[in-house]
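> how would this look folded up:
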Amino acid sequence: MSLPAAVLWDMDGTLVDTEPYWIAAEHEIVEEHGGTWSDEFAHQLVGNDLLVSAEFIRANSTITWDAVRIVDELLVRVVSRVREHVTWRPGARELLDALRAEGVPNALVTMSWRSLADAVVEALPEGAFTTVVTGDEVGHGKPHPEPYHAAARLLGVAAEDCVAIEDSPTGVRSAVAAGVPTVAVPHVVSVPELPGAVHIATLTGVTPHRLGELADEARKGSVVGGHRLA
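Numbers count the residues shown, from 1 in each chain. Modelled structure (predicted):
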């Protein structure tokens, strides 16, 4: 099977298990302002543009800060935790290393801002990612296709020749809208079945050639667990 022209990775929940850090930070800042936060609210923010998430926090808590300050406060806490310890999602590091060994370029496409993306990339070998697209560097965040279009353009490849790896409904919609065959690996929240995406339970044991096979399945239509949906 052919290898993808490039692999476009989501970060939070796909490459690294930072969602617990985000949820803890949300609870902290809301509770410090005398409010209460719920995991139900937190799960609604998974995969979102950070400014969209910040506006949701403002609307559903006692916090009166502007959206940028909310994002900044969240990032300080999450970056601090990442610099203390990075928890990689199962199979992600191994697949990233195998892709590099095969000469397949990788891009990080995240709605987190540059400060957090840099902290994660610094924990990897130099050159692990050919390019990085962050939420503070695009005009429209996920689920808009712009982040994935930007990554393909920076790599000089066609979006349809790549494969995206995502864990959230917002991220999958973004990649599929950009025309990128997508592998969904749901983590904190479930991901609906969408044409152009395949679902797998884990990246553990996935090889670069298997990823190419999954991309081919995604191109053919909506497939879950290797079986075409009616």
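
> Any chance you could list what contacts whichever strand or helix holds Ala107?
Assigned by DSSP states H and E, Ala107 belongs to strand 106-109. Residues outside strand 106-109 that contact it (CB atoms under 8 Å, 6 or more residues apart in numbering) are 6-11, 15, 96, 99-100, 117, 120-121, 128-133, 147-148, 150-152, 154-155, 164, 175. Yep, even glycine has a C-beta here, placed from its N, CA and C like the rest.

> now that strand, how far from the centre of its chain.
How far strand 106-109 lies from its chain's middle: 9 Å, per CA atoms, centre = their mean, to the nearest Å.

> And the contacts of the helix or strand following it?
Sequence order places helix 114-121 as the next helix or strand after strand 106-109, per DSSP H and E. Under the contact criterion CB under 8 Å, 6+ apart, helix 114-121 has outside partners 11, 15-16, 18, 75, 78-79, 82-83, 86, 108, 110, 128-129, 132, 134, 136-137.

> if you set the cut-off to 7 Å instead, what comes out?
Applying CB atoms under 7 Å, 6 or more residues apart in numbering, the contact partners of helix 114-121 are 11, 16, 75, 78-79, 82-83, 86, 108, 110, 128-129, 132, 134, 136-137.

> Touching, Val185 and Ile200? I think so.
Yes - using CB atoms under 7 Å, Val185 is in contact with Ile200, at 5.8 Å.

> Could you check which of the two is surrounded by more residues?
Val185 (25 against 20; other CB atoms under 10 Å).

> which residues touch the nearest residue to the more buried one once chain neighbours are set aside?
Closest residue to Val185 in three dimensions, ignoring its sequence neighbours and counting by CB to CB, 6 or more residues apart in numbering: Asp167, at 5.4 Å. Applying CB under 7 Å, 6+ apart, we find Asp167 in contact with 10, 13-14, 185-187.

> Among the contacts of strand 106-109, which ones are in strands?
Judged by DSSP state E, those include 7-9, 131-133, 164 as members of strands.

> about what we covered before: most neighbours of all the contacts of Asp167, which one?
Neighbour counts for those, by other CB under 10 Å, peak at Asp10, which reaches 30 neighbours.

> Spit out the contact partners of that residue.
The contact partners of Asp10, taken as CB under 7 Å, 6+ apart, are 109-110, 165-167, 171.

> same check, this time on Ala24
By CB under 7 Å, 6+ apart, Ala24 has no neighbours at all.

> which SSE is it in?
Per DSSP H and E: helix 19-32 holds Ala24.

> continuing past that helix, what's the next helix or strand?
helix 39-44.
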